[in-house]
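J.: I'd like to go over a predicted model; first the sequence, then the structure.
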Amino acid sequence: MLRDPLSDNLAFLCSYYPSIASVCRRIGINRQQFNKYLSGQTVPSRRNMRRICDFFGVSESELLLDHRRFAEIAGLKRRPIAGDGPTEILTHIEELYRGSGDLGRYVGYYFRYFYSFGHAGKIIKCLAAIYEKDGRYYWRSIERLKLDGRYGVKTSKYTGALFLLGDRIFALEYETLLKSSITQLILYPSYRTSLTFLIGVQTGMPLLRGRKPAASIVLLEYLGKSIDQRKALKTCGLYDDTDPMIDPSIRSMISNHGKPDSFVLETDDA
């Protein structure tokens, strides 16, 4: 009897990660159940199949391909860009950096607030930072979400590039482990002497629940150039929108209710 390619394909994908246990924690599937998928004893339910495909960034039809063909496709998705010279995409990024303005005054740490794409009605508070290296500005963000059940705290890290173009701040970020999506933030710069808030709109999608493209208002609360990062991270997490830990003024600024005369999601300066 021919072996089901699903188990071999799953094992191939897991080989890119430190352990099967880490994969199970990230997906949110019981390790014992996942082992049955790997051994070919059973196949995932429709719900779990979707979660697995979302996590690995493949389609269900790809996951069920003959193993040799699947390995070729999956390998291509993870293959480094070939060639010694600058690629076309790097040329475009260089053009953006050449046109970007000075972001020096924004260097430092921020609390980032927005309504979650994957947990309806919940507010995510995470820690973000803007930093400079060799005259370029970059962005990183850390989410620590305490989830119900046995999986405890889920930590996600994001990194990317930052530009000041046309009097707006643009951040492009990706999740450093999965690399299966890109989030874009467009923020108003601050015109005040003292930096307090940056507000704008971000686009993205949940990593594991449907992957529906979405947009939300996002707020950055400036903390300073040097902070106790461990202490700041302890206050981060997933909050009910009525939780007193989220300041009512912040909650009102990140509300996603559209204006009566507007057909798109937009926000005014803070």
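T.: Looks like it came in fine.

J.: pretty sure residue 238 is in a helix, no?
T.: No. If the criterion is DSSP: H, G, I helix; E, B strand; the rest coil, then residue 238 is strand and not within a helix.

J.: which residue ranges of the stretch 101-250 of the chain form helices?
T.: 229-234, 248-253 (DSSP state H, counting those that start in this stretch).

J.: chain center to the last one, what's the gap?
T.: What that stands for is helix 248-253. Centroid separation between helix 248-253 and its chain, computed with Cα atoms, centre = their mean, to the nearest Å, is 23 Å.

J.: just put the helices of the stretch 101-250 of the chain in CSV and tack on distance to residue 69, mean pLDDT and mean neighbour count.
T.: Bear in mind the C-beta positions are built from the backbone N, C-alpha and C, glycine included. Putting these into CSV (distance: least, Cβ to Cβ, whole Å; pLDDT from 0 to 100; neighbours: other Cβ atoms under 10 Å) gives the following:
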stretch, distance to residue 69, mean pLDDT, mean neighbour count
helix 229-234, 43, 95, 12
helix 248-253, 50, 95, 13
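
J.: quick one: closest of the ones you listed to residue 192.
T.: Evaluated with Cβ to Cβ, the helices of the stretch 101-250 of the chain place helix 248-253 nearest to residue 192, the distance being 15.2 Å.

J.: in terms of contact, does residue 172 touch residue 160 like I think?
T.: Yes. At 4.6 Å, residue 172 counts as touching residue 160 under the criterion of Cβ atoms under 8 Å.

J.: residues near the spatially closest residue to residue 115 that is not a sequence neighbour, how many?
T.: Take residue 115 and drop its neighbours on the chain: the residue closest to it by Cβ to Cβ, 6 or more residues apart in numbering is residue 216, 5.2 Å away. Neighbour count of residue 216, defined by other Cβ atoms under 10 Å: 19.

J.: about what we covered before: compare residue 172 and residue 160 and say which is more crowded by neighbours.
T.: residue 160 (19 against 16).

J.: so in terms of bridging, what pairs with that one?
T.: Counting by DSSP bridges, residue 160 forms beta bridges with residue 139, residue 173.

J.: that one and residue 181, how far apart?
T.: To residue 181, residue 160 is 12 Å away according to Cβ to Cβ, to the nearest Å.

J.: roughly how far does the closest residue in space to residue 214 that isn't next to it in sequence sit from residue 205?
T.: Nearest residue to residue 214, sequence neighbours excluded (Cβ to Cβ, 6+ apart): residue 117, at 4.8 Å. Residue 117 sits 6 Å away from residue 205, going by Cβ to Cβ.

J.: returning to what we had before: common neighbours of residue 172 and residue 160, please.
T.: 139, 183 (Cβ atoms under 8 Å, 6 or more residues apart in numbering).

J.: alright, that wraps it up for me.
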